[in-house]
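*Asks:* predicted model and sequence below, questions to follow.
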Amino acid sequence: MGYLKVKDGTEIFYKDWGPKDAPPIMFHHGWPLSADDWDNQMMYFLAKGFRVIAHDRRGHGRSTQTDTGNEMDTYAADVIELATALDLRNAVHIGHSTGGGEVARYVARSETGRVAKAVLVAAVPPIMVKTHDNPGGLPKDVFDGFRSALVANRAQFYRDVPEGPFYGFNQDCVDVIEGTVDNWWRQGMMGGAKAHYDCIEAFSETDFTEDLKAISVPTLVMHSRNDQIVPYDDSAPLAVKLLPHGTLKTYEGLPHGMCTTHPEIINPDLLAFIQEEEAITAETTTSEAGILLSAEVT
């Protein structure tokens, strides 16, 4: 673990576990969380012999609570500096939700040889907000509501989200896991209110169309049709059409935070993609948890 001071003086917290000569995987967290959101995946891949890295985005977690630079260009620039400082080469970059947008922007701008593959998990690209060119997006009022709730009572808002749509705990026959809710709240409250407020615009209004088109490495897009935070129809299928080498893996019945609630499904799928480019095949299977999964290859 350590801190990197980037060009504008912001200190970026990061974890870097495993042999430095092992194949690197870097994880990019969602809003308003931290590197801790990847604990399960980092332990899983560490045990598989990988070097695992995760950072707290500026304004989040243990990084500086910035009041400026809380947008995708700067997020990607921070990752460029971190990847250079850690000398990450042929790395796999995995991003969840907002982190998927960060991955798209970083990979599109990365130096040759830095990135081997990318994964977008329940990610925000191509663009979340409804616009003339994106008629299926969510109305801006939805995100204005997020901002209002954050300003009014951030602590309560950061319980309402994980108790409800983020993990699907608002669905019938889904038991609330209190520790998971508490951990989401803990991570959220570690960060800065101003940075989190700004990041709502970053994850909802940034258009990643050109980034996706520019990504030349194999990219896996993982998304559930039951995602209540980033609607499936306006994200994953559109993103994979823009990717030159994209693969879409669609899940049924999993929530937005599926990496946390169903690691026994997500982790092996990630490993299969990392180890073999053609590992995700067009088939339908049923997991031990009884969740129907379907994979689509483009």
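*Replies:* Structure's in. What do you need?
*Asks:* where in this protein is pLDDT low?
*Replies:* In the predicted model of the chain, residues 277-298 satisfy pLDDT under 70.
*Asks:* which helix in it has the most residues?
*Replies:* Longest helix of the chain, by residue count under DSSP state H: helix 140-161.
*Asks:* distance from that one to the middle of the chain?
*Replies:* Distance, stretch centre to chain centre, for helix 140-161: 20 Å (C-alpha atoms, centre = their mean, to the nearest Å).
*Asks:* what element comes up after it heading to the C-terminus?
*Replies:* helix 178-190 (DSSP states H and E).
*Asks:* what's the spacing between the residue lying closest to residue 169 once chain neighbours are set aside and residue 166?
*Replies:* Leaving aside its sequence neighbours, residue 169 sits nearest to residue 176 (C-beta to C-beta, 6 or more residues apart in numbering; 4.5 Å). Any C-beta I mention is one placed from the backbone N, CA and C, and that applies to glycine too. Residue 176 sits 11 Å away from residue 166, going by C-beta to C-beta, to the nearest Å.
*Asks:* neighbour-wise, which of these two wins?
*Replies:* The neighbour comparison of residue 176 against residue 166 (other C-beta atoms under 10 Å) goes to residue 166, with 24 against 13.
*Asks:* hey, where'd the helices end up in the stretch 151-298 of the chain?
*Replies:* 178-190, 193-205, 209-214, 236-242, 258-261, 263-275 (DSSP state H, counting those that start in this stretch).
*Asks:* hang on, the earlier thing: could you list the residues in contact with the longest helix of the chain?
*Replies:* 32, 128-130, 181, 184-185, 188-189, 193, 196-197, 200-201, 204-205 (C-beta atoms under 8 Å, 6 or more residues apart in numbering).
*Asks:* scan those residues and report the most crowded one.
*Replies:* That'd be residue 32 among the contacts of helix 140-161, by other C-beta under 10 Å, with 29 neighbours.
*Asks:* tell me who's in contact with it.
*Replies:* Contacts of residue 32 by C-beta under 8 Å, 6+ apart are 60, 158, 187, 188, 191, 196, 199.
*Asks:* how many residues are close by the closest residue to the first one other than its chain neighbours?
*Replies:* Closest residue in space to residue 60, ignoring its immediate chain neighbours: residue 191 at 4.2 Å, by C-beta to C-beta, 6+ apart. In terms of burial, residue 191 registers 26 neighbours under the definition other C-beta under 10 Å.
*Asks:* wait, residue 191 sits on residue 36?
*Replies:* No - in this structure, residue 191 is not within contact of residue 36 by C-beta atoms under 8 Å, at 11.5 Å.
*Asks:* overlap in contacts of the two?
*Replies:* Common neighbours of residue 191 and residue 36 (C-beta under 8 Å, 6+ apart) are residue 61.
*Asks:* fine, thanks again, bye for now.
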